[in-house]
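Asks: Build me a model from this:
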Amino acid sequence: MRKIVCDRDLYPMSNPIAANIVAIRQQLPATVRLIAVSKYTTPEQMRWAYAAGIRDFGESRVLEVVEKQAALADLPGIAWHLIGHLQTNKVRKAVQLFDWIHSVDSLRLLEQIDRQALDLGKHPSICLQVKLLPDPDKFGWSADEVITDFPQIQNFTNVDLRGLMAIAPLGLNSSQLSGLFGAVTRLRQQICQQFDRELPELSMGMSEDYELAVAEGSTMIRIGSKIF
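Replies: Residues are numbered from 1 along each chain as shown. Predicted coordinates for the structure are as follows:
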């Protein structure tokens, strides 16, 4: 079981945010990284989460993180994760601000991230966003596309390619969700075997489906409403 870190004197566990984090972590293997999706929260709420042990915060919009980073600059050890769609005109700012970019959804976007990372002297961790079911509201490679592009993908040296990311379409039942998450896990295994490289991370699972995602092999879950 994961050790829960919390300053009980300053931030008592009776606070609902802290209690929510503890409840979620009690269900997780120690190997699963809990990312608190903070896009609709205030810096004060994020401090409560930090006090309960959260060090990973996920944001969907590039420019909205600037104020939060300034407000939380006194807190050491925070990793900032971009989990929303990244427009090409925001790439440079994203590389400046985020440690992780989960939503790398095309070869063109990856090329721009790699170029800006070189120019800025950065080396962001990234996940390739895949879309294995039809969904007009989501972006990402199909299974065939990511396999086809992978020889080019793995040649980019200014990013740290960590794994795959997926977002489930709305309206799936539990069986369909498990099937999707399992397919992403198998795709990761196929890439690792075919190209003889490690991809340790699977970023999949949100507030309503994270338990199913973890059961199918997720290593990073992105939780917002269940925490805040």
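Asks: For the longest helix anywhere in the chain, name the packing helices and strands.
Replies: Selection of the longest helix in the chain by residue count, based on DSSP state H, yields helix 174-195. Other elements packing on helix 174-195 under the criterion 3 or more Cβ pairs under 8 Å, 6 or more residues apart in numbering; DSSP states H and E are helix 143-153, strand 160-165, strand 201-203, helix 210-215. Every C-beta, even on glycine, is put in place using the N, C-alpha and C of the backbone.
Asks: What are the boundaries of the strands in this protein?
Replies: In the chain, strands defined by DSSP state E lie at 33-37, 56-59, 79-82, 100-104, 125-129, 160-165, 201-203, 220-223, listed in chain order.
Asks: pLDDT averaged over the second one - what is it?
Replies: Here the mean pLDDT over strand 56-59 is 98, rounded to a whole number.
Asks: cool, the first one as well?
Replies: For strand 33-37, the per-residue pLDDT values average out at 98.
Asks: Okay, now the unreliable bits of the protein?
Replies: Where the chain drops to pLDDT under 70, the residues are 1-14.
Asks: wouldn't residue 66 be in contact with residue 97 here?
Replies: Yes: in terms of Cβ atoms under 8 Å, residue 66 counts as a neighbour of residue 97; the distance is 6.9 Å.
Asks: Have a look at these two and say which one is more surrounded.
Replies: With neighbours defined as other Cβ atoms under 10 Å, residue 66 and residue 97 compare such that residue 97 has more, 19 against 12.
Asks: quick one: the residue lying closest to the more buried one once chain neighbours are set aside and residue 118, what's the gap?
Replies: The shortest distance from residue 97 to any non-neighbouring residue, by Cβ to Cβ, 6 or more residues apart in numbering, is to residue 65 (5.5 Å). When distances are taken as Cβ to Cβ, to the nearest Å, residue 65 and residue 118 turn out to be 22 Å apart.
Asks: For those two, indicate the residue with more neighbours.
Replies: Between residue 65 and residue 118, residue 65 has the larger neighbour count (other Cβ under 10 Å), namely 22 against 15.
Asks: Look up how far residue 164 lies from that one.
Replies: Residue 65 sits 23 Å away from residue 164, going by Cβ to Cβ.
Asks: repeat for residue 52
Replies: Taking Cβ to Cβ as the measure, residue 52 and residue 164 are separated by 28 Å.
Asks: Also residue 174?
Replies: Computed with Cβ to Cβ, the distance linking residue 174 and residue 164 is 21 Å.
Asks: Of the two, which one has the most company?
Replies: residue 164 (25 against 10).
Asks: beta partners for that one?
Replies: Per DSSP bridges, the residues bridged to residue 164 are residue 128, residue 202.
Asks: so what's it up against?
Replies: If you count contacts by Cβ atoms under 8 Å, 6 or more residues apart in numbering, residue 164 has them with 127-130, 146, 184, 187-188, 191, 199, 201-204.
Asks: Go again with 6 Å.
Replies: Residue 164 sits next to 127, 128, 130, 184, 188, 202 when contact means Cβ atoms under 6 Å, 6 or more residues apart in numbering.
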